[in-house]
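Asks: build me a structure from this.
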Amino acid sequence: MTTAAEISERLDAIRHSIPNSVKLIAVTKTFPAAIVRAAYAAGIRDFAENKVQEALAKQDALGDLTGVTWHFIGHLQSNKSRKVVENFDWVHSVDSLKLATRMHRQAEEIGRRVHCCLQVKLASDPTKDGFEPADLLAALPKLDELSSLDIAGLMVIPPYGLTDEETATIFAAGRSLATQIQSMGLSRVRMDTLSMGMSGDFGTAIAQGSTMIRLGSILFGPRPKKN
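Replies: The predicted structure follows:
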């Protein structure tokens, strides 16, 4: 199993390429709770998961850790949204007005305010969810009314198999869309967060304005194979 010392060594190897303005989020999906604990010992405090039940089990096992921020980054089914609203600080993958409205109602009921990114789909990709840009722009007036959601920006995930140049184009389009939305002067929806970049493309994402990068394999090695 990867140790805290190994994670620290890998962090040190990439930290010079991550500006202080960019938040590093460790993607611990499929890894056991012990890996999260090791990453915590290495100084990481932001962790991301994409499966609700797996994440809740880890949170329960790691309840003694203080100062942890939990991020949900996977496709969120409506019937599991309440658990996410109750147990996560950030949701990066809000991909429809219907989901956002449901989350708002649930957060309002329990007196929480959940930080969110709107997942936007900027290239054809059957494996990814997200708002089409035109649909997102049309939904913004309604999204701006959801007072229990702190909508802080966009999440962008390029399709697999693109060249570095093509990936940069996708990230640049995300930054451009965020700038367009920011210029609309909405009351609540902000665009100061761009969740863009993973282990294989975080440098490209940072160059195009990312403020949050989601790193997994570069920190922890290959993910465990499913049984």
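Asks: now for the nearest residue to Ser187 once chain neighbours are set aside, how many residues are close by?
Replies: With Cβ to Cβ, 6 or more residues apart in numbering as the measure, Asp144 is the residue that lies nearest to Ser187, at 5.6 Å, once sequence neighbours are left out. In this view, the C-beta of every residue, glycine as well, is placed from N, C-alpha and C. Here the count is done by other Cβ atoms under 10 Å, and Asp144 has 15 residues near it.
Asks: from here on, count from 19
Replies: Right, with 19 as the first residue, what we last looked at is Asp162.
Asks: Asp162 against Val207, yeah?
Replies: Yes: using Cβ atoms under 8 Å, Asp162 and Val207 qualify as a contacting pair, with a distance of 5.0 Å.
Asks: mind listing the helices for this structure?
Replies: Taking DSSP state H, the helices of the chain run over residues 22-33, 51-59, 70-79, 99-105, 115-128, 151-161, 182-200, 220-225, 235-238.
Asks: if I look at the most centrally placed residue in the chain, how far off is Leu136?
Replies: Centroid check for the chain by Cα atoms, centre = their mean gives His110 as the closest residue, at 3.9 Å. Separation of His110 from Leu136 (Cβ to Cβ, to the nearest Å) stands at 9 Å.
Asks: any common contacting residues for the two?
Replies: Between them, His110 and Leu136 share the neighbouring residues Met173, with contact defined by Cβ atoms under 8 Å, 6 or more residues apart in numbering.
Asks: distance-wise, check Glu27 relative to Thr21.
Replies: Taken as Cβ to Cβ, the spacing of Glu27 relative to Thr21 amounts to 9 Å.
Asks: please apply the same query to Thr145.
Replies: Counting by Cβ to Cβ, the gap between Thr145 and Thr21 amounts to 33 Å.
Asks: one more: Ala66?
Replies: Going from Ala66 to Thr21 by Cβ to Cβ gives 21 Å.
Asks: on that earlier part again, surely the residue nearest to the centre of the chain meets Met214?
Replies: No: under the criterion of Cβ under 8 Å, His110 is not in contact with Met214, lying 10.2 Å apart.
Asks: which neighbours do those two have in common?
Replies: Here His110 and Met214 have 173, 230 as joint contacts, going by Cβ under 8 Å, 6+ apart.
Asks: for the closest residue to Gly227 other than its chain neighbours, what are its contacts?
Replies: For Gly227, ignoring the flanking residues on the chain, the nearest one in space by Cβ to Cβ, 6+ apart is Arg193 at 4.2 Å. With contact taken as Cβ under 8 Å, 6+ apart, Arg193 is in contact with 212, 226-227.
Asks: can I get those residues in JSON lines with distance to Gln200 and pLDDT?
Replies: Below are those laid out as JSON lines (distance: Cβ to Cβ, whole Å; pLDDT from 0 to 100):
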{"residue": "Leu212", "distance to Gln200": "11", "pLDDT": "98"}
{"residue": "Gln226", "distance to Gln200": "16", "pLDDT": "97"}
{"residue": "Gly227", "distance to Gln200": "12", "pLDDT": "97"}
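Asks: now, of those residues, which are buried?
Replies: Applying a neighbour-count criterion of 16 or more other Cβ atoms under 10 Å, the buried members of the contacts of Arg193 are 212, 226-227.
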